[in-house]
Structure formats: C-alpha cells, structure tokens
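Chemist: Here you go, sequence then predicted model.
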Amino acid sequence: MTMNKLLLSALFVCLSCSHAFAFSPGRLAPSHPINQPQPSIISHKKALSLQSPTPHKPGAVRQSPPLRAVEGDFDPDAIKNSVSQVQSGSLKAKLRALYKFTRPHTIRGTILASIAGTTRALIDTPGAIADAQWGVMLPRAVVGMAALLLGNAFIVGINQISDRDIDVLNKPFLPVASGEMSEKAAWVAVLTAGIVGPSIVYNFFPTLLFKLYMLGWGLGAIYSVPPFRTKRNPLLAGLTIATVRGFLLNFGVYYAVKDAIGAPFAWSPKVAFVARFMTVFATVIAVTKDLPDVEGDKAYNISTFATKVGVPRIAKGATICLLLNYAHAILTGVLSKAGTFKPFPMIGGHAALAIMLLARFRELEPEKLASIKKYYKHIWDLFYLEYLLYALI
C-alpha cells in the first residue's frame, strides 16, 4: 500500500508540473489555422530580437508579463527576457535553460516508468519489500535514475542541436532555437550526458542492461544525426520511439530491480502486458508529436505521417489506435485467468482512460494550433496515468 501511495503522489506531482510548465493554454501560439502561412524563421528572429515591452500608460492597468519562457511558450517578450538574463550571466537563467533543454515532459515519463517498474518488480517478488536492503537499493536506484535521465537528455539534446533551424520555426521556445543556450553549451551538455550515462550503467549494472542502454542510446542518436536521421522516415521514426520508450525502458527498469534484489527475471503477465501496451502507446506518440509541426516539417522536407495525411486524419487515426489499445487492455483483464490482474484497475481503469481520450478528441479543433497542442498534451497525460495503473493491476 505504501508503494502505491508513493506512485500516486509522484504521478500527481508530475501532472501538476505538466499543467504548470507545459502547453499552458494561455501561453500557446496564436490559434491561427495551420493551413495558413506561418511566420518565417526571419520573422521569429525579429520577434525575439526587436520586440520591446509596450510602454505603460498613466491610469492603465499594468499587466504582469510572463516571468519566463517555458515549454510551449511562444511569447516573444518572455523568450527575449530569458535570453537577456542568460547573456547577463544569470546562473538561474542558465539552469532554467538547461532544464528546458531536457524536455521536461519526456523526463516525467521516464521518472514515472522507473517508479512504476520498481513498484511492480517489488510487488511481484514475495518478501522483497519486507526484506529489502534499502541502504543498498536506494542509492542504486538513484544512480539508475540518473543514468536514465542522462540518456533522455542526450537523445532530446542532440535532436535540438540537429533541428535548430526547424525549431526556430516550429518550436521557438526551445533554448537552442531561442538563443537561451548556445550551440557550444548544448554540445557540452549532450556530450556530458552521452558519456556519463553509459559509464554509470557499465559500472553499476549487468552487461545485458548496458547493451540495452546502448541500443537505446544509438537509436536515439541516429534518429537525429546526419546522414542517418531516421526521423525523416515516418516508419523508422515510429519504430525508434516505440522501441526506446515502449519496450527498452519498461523491460530495463523491471530487469534492473529484479537483479538488485537478487531475484531471477521472469516474464510476468503484467510486465508482458505493459511492454505491449506502452510500445503501442509510444508509437502513437511518435506519430502525434508531429501534428503541431506540419508547416516547419514541410519547409525542411521532413516527411511525417502528419505532412502526408494531414492533421485531422492523423488525430482520428491516433485516437482509434489508442481506443483499440484500451480495448485490448480491457479484454486482457476480462479473459485472463482469475487472479492474474486486479479487475478494478485493469478493466475499470482502462475504460475510464478510454472515455477521457474520447472526450479530449471531441474537443479537438484540427484547424487551430492551440487545440492541436492541447490534444497532444492530453495524450501525454494519459501516458503518465497508465503508469499508475501498471502499479495497481
């Protein structure tokens, strides 16, 4: 029960942070139709470098400007303010830029996967919680988490460096695109994460986990780096993200915990289920992440399902795929041998999430960029919530 409460608390914190720092409706890009010409790279640069605050008029109500540019923030004043603080040498501003550089919404997924996988492995091993040597396990868990977050930072960081010109158009709030982080500083962060992360896994974890870690490391690198840039191919891009975030992460965490407590690894129905479910879910994320970026991808000849098929059809197809995934989860709970899964979270929980998904899809206005971003954000919220069910089923 304690472990379940821990996971629930962590989930609440992550979702709260998600609403505070990611895709806040008041900070989204203007809701212009996505099929209209979007601002060019030059106009974004002008907005960031030339725009100044509106003078305060006597008697007028002063509006508080945004304090900082955050994930999803297109406010030129907020971004300009952050760039200015970094250039003035503010350590706080530099750390904030580094935080943005790690793409916080992906970090939340990694943290929740680690907490849920650890909880699941401990619950599946009789006596593991009562007999656990926490003085040994907790430091190792912290080290393992650090390695995962460094791997995450390496992958998303090298993507931002490679996609800088595209991001100036599609995601001007990202620190490399906005100028909050120089390319040199970005490379230092990426190389540090790319070296320290594998070194941790190599020295503290089994050889199999190091090989799996490096597989994810390599797939994440060729996703962005020329001449490979597998992101240019929709199928390869989807397979890459599904493999890393769907299978490798969930299997790796579970295996690492089993190894730490000295228990032999064995595929349990719950682990097999979440590996299948999250692989499908990560594939959907791999496709829907391109929905807000159609114009920029077209401009830079990036072929995605969204540029080929269009936003409305992709959103509808993604929703159908996730609904089928939830139907698979419900049927798995209904048809499995009694005692394999707990019916309430397995059947009722997935039914509730399916209803939430359908409600969010019905709110989608595919011609408005703000609505598209909100839809994509809610897909990530459902992704986070699945990890709560994973610990409870």
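Modeler: Sure, I can see it. Residues are numbered from 1 along each chain as shown.

Chemist: Which helix in the chain has the most residues?
Modeler: Ranked by number of residues, the top helix in the chain under DSSP state H is helix 134-162.

Chemist: name the helices or strands packed onto that one?
Modeler: helix 91-101, helix 104-124, helix 175-178, helix 183-204, helix 207-224, helix 249-260 (3 or more CB pairs under 8 Å, 6 or more residues apart in numbering; DSSP states H and E). Where C-beta positions appear, they are placed from N, C-alpha and C, glycine not excepted.

Chemist: now with 7 Å?
Modeler: The helices and strands touching helix 134-162, judged by 3 or more CB pairs under 7 Å, 6 or more residues apart in numbering; DSSP states H and E, are helix 104-124, helix 183-204, helix 207-224, helix 249-260.

Chemist: between it and helix 91-101, what angle do the directions make?
Modeler: 80 degrees (axes from the mean of the first three to the mean of the last three CA atoms, to 10 degrees).

Chemist: got the angle between helix 134-162 and helix 104-124?
Modeler: Going by the same axes, to 10 degrees, helix 134-162 makes 150 degrees with helix 104-124.

Chemist: Show me which positions of helix 134-162 end up buried.
Modeler: Neighbour-count burial for helix 134-162 flags 137, 140-141, 144-145, 147-162 (criterion: 16 or more other CB atoms under 10 Å).

Chemist: To residue 335, which of the helices and strands packed on helix 134-162 lies closest?
Modeler: Evaluated with CB to CB, those place helix 104-124 nearest to residue 335, the distance being 20.8 Å.

Chemist: Measure how far the helix or strand just after that closest one is from the centre of its chain, please.
Modeler: Using DSSP states H and E, the helix or strand that directly follows helix 104-124 along the chain is helix 128-131. With CA atoms, centre = their mean, to the nearest Å as the basis, helix 128-131 stands 32 Å off its chain's centre.

Chemist: How about stretch 133-148?
Modeler: Counting by CA atoms, centre = their mean, stretch 133-148 comes out at 22 Å from the chain centroid.

Chemist: Any regions of the stretch 51-200 of the chain where pLDDT drops low?
Modeler: Applying pLDDT under 70 to the stretch 51-200 of the chain picks out residues 51-74.

Chemist: Confirm that residue 283 sits in a helix.
Modeler: Yes - counting by DSSP: H, G, I helix; E, B strand; the rest coil, residue 283 is found in a helix.

Chemist: Just give the closest residue to residue 180, not the sequence neighbours.
Modeler: Distances taken as CB to CB, 6 or more residues apart in numbering place residue 97 nearest to residue 180, at 4.0 Å, with adjacent residues excluded.

Chemist: looking at it, that neighbour is touching residue 83, isn't it?
Modeler: No - taking CB atoms under 7 Å as the definition, residue 97 is not a contact partner of residue 83, at 8.9 Å.

Chemist: Comparing those two, which shows the higher neighbour count?
Modeler: In this view residue 97 and residue 83 are compared by other CB atoms under 10 Å, and residue 97 has more residues nearby, 27 against 20.

Chemist: Now the residue lying closest to residue 251 once chain neighbours are set aside: phi and psi?
Modeler: Counting by CB to CB, 6+ apart, residue 251 lies nearest to residue 275, which is 6.0 Å off, once chain neighbours are set aside. Torsion angles at residue 275 (phi, psi; degrees, to the nearest 10) stand at phi -60, psi -40.
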